[in-house]
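A.B. asks: Could you work out the structure for the sequence below:
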Amino acid sequence: MANESRKRLWPDEDEWLDTFREYLCGHPELAEHVARIWFALLEHHSEGPEGVRNARFIINQALRLTYPFTRSYRLAYRHYLLSLSGQVKPEDEPNNLLKASIARARASIAEAREAKRKLKD
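C.D. replies: All right, here's what the predicted structure looks like:
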């Protein structure tokens, strides 16, 4: 059963290899650095509940620090600048768009959880 659930994990081995080949091939120092990060996360996980919390904190921190390097960040910043210039319609203001999008996503998550709960019952 455990092997079956692991087959459904994402990212899977192919995804990791594609990413590593794209970004680490020809950069052994970077590969070494990334390996040390993974190892540190594994070490935290082996330290019990506090270690798991620490690993989660580190991963959340990495996610937050990654955001400025994304297309989403660049687009959001451009949109923000347009908003500051007064060139954005009220319904397209960042707060209005994001609040509506977050509400839809939360509703979708709640529906999925409810459907999953019903399947278990």
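
A.B. asks: quick one, longest helix in the chain?
C.D. replies: helix 94-120 (DSSP state H).

A.B. asks: Please, where are all the helices along the chain?
C.D. replies: So, for the chain - with DSSP H - the helices run 2-7, 13-24, 28-45, 48-66, 71-85, 94-120.

A.B. asks: Identify the residue nearest Tyr23 in space, chain neighbours excluded?
C.D. replies: Once flanking residues are discounted, Tyr23 sits nearest to Leu30: 7.5 Å by Cβ to Cβ, 6 or more residues apart in numbering. For glycine as for every other residue, the C-beta is placed from the backbone atoms N, C-alpha and C.

A.B. asks: Test my guess that the one you found contacts Leu24.
C.D. replies: Yes: using Cβ atoms under 8 Å, Leu30 and Leu24 qualify as a contacting pair, with a distance of 5.8 Å.

A.B. asks: who has more neighbours, those two?
C.D. replies: Using other Cβ atoms under 10 Å as the criterion, Leu30 and Leu24 rank with Leu24 on top: 16 against 12.

A.B. asks: Against Asn95, how distant is the more buried one?
C.D. replies: 39 Å (Cβ to Cβ, to the nearest Å).

A.B. asks: do Ala62 as well
C.D. replies: 27 Å.

A.B. asks: Settle it for me: which of those two has more neighbours?
C.D. replies: Neighbour tally, Ala62 and Asn95, criterion other Cβ under 10 Å: the higher count belongs to Ala62, 11 against 8.

A.B. asks: show me the contacts for that one.
C.D. replies: For Ala62, the contact set (Cβ atoms under 8 Å, 6 or more residues apart in numbering) is empty.

A.B. asks: hmm, back to that, in the longest helix of the chain, which residues are buried?
C.D. replies: Residues of helix 94-120 classed as buried: none (neighbour count, 16 or more other Cβ atoms under 10 Å).

A.B. asks: Also stretch 24-37?
C.D. replies: Going by 16+ other Cβ under 10 Å, stretch 24-37 has these buried residues: Leu24.

A.B. asks: Just the C-alphas of it, formatted as CSV.
C.D. replies: Output of stretch 24-37 as CSV, limited to C-alpha atoms (Å, rounded to 0.1, in the frame of the first residue of the first chain):
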residue,chain,number,x,y,z
LEU,A,24,22.0,21.9,-12.1
CYS,A,25,23.7,20.3,-15.2
GLY,A,26,27.1,22.0,-15.6
HIS,A,27,26.8,23.6,-12.1
PRO,A,28,28.3,21.2,-9.7
GLU,A,29,28.7,23.8,-6.9
LEU,A,30,25.1,24.7,-7.1
ALA,A,31,24.1,21.0,-7.1
GLU,A,32,26.3,20.4,-4.0
HIS,A,33,24.6,23.4,-2.3
VAL,A,34,21.1,22.1,-3.2
ALA,A,35,22.0,18.6,-1.9
ARG,A,36,23.1,20.2,1.4
ILE,A,37,19.7,21.9,1.7
